[in-house]
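Participant: Here is my input; please provide its structure:
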Amino acid sequence: MNLTCDTVMDLFPLYYDGLASQSSREAIRRHLRTCPSCREFVHRYRETASHPAPCGSESLPDFDQGYRNLADRLKRRHIIKTSAFSFVLAVCLATLAASFFLKRNGR
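Facilitator: Residues are numbered from 1 along each chain as shown. Below is the predicted model:
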């Protein structure tokens, strides 16, 4: 099986994690013996995989603040909707109670 460089790059994460089939591993090894650019890719991949960016790295966007803002907006919206529903329900119940009371007293 002759692999292209693109195929080796696609399969290499599986190869690196030990998940590629035996035939794929052998084909990748054969390709790497003859392709300097893929050997460089493998070298860079291994460097990156062995030194991952630390958690909380400056290069990562600050999603926490965005999620907090979204949660706050949703919480406020929920409170407003619940309050409005409660008010309407109270008015309906008061109207119902008043009409029941008035009918009962003959008015």
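Participant: how about the helix or strand of the chain with the lowest mean pLDDT: buried residues?
Facilitator: Least confident element among the helices and strands of the chain, by mean pLDDT, DSSP states H and E: helix 36-50 (a mean of 88). Neighbour-count burial for helix 36-50 flags 38, 41-42 (criterion: 16 or more other CB atoms under 10 Å). Every C-beta, even on glycine, is put in place using the N, C-alpha and C of the backbone.
Participant: Serialize those residues to TSV and add fields for distance to residue 87.
Facilitator: Output for the buried residues of helix 36-50, formatted as TSV (distance: CB to CB, whole Å):
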residue	distance to residue 87
38	68
41	64
42	66
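Participant: now, which of these sits nearest residue 71?
Facilitator: Ranked by distance to residue 71 (CB to CB), those are led by residue 41 at 41.3 Å.
Participant: Can you tell me how far the closest one is from residue 81?
Facilitator: 54 Å (CB to CB, to the nearest Å).
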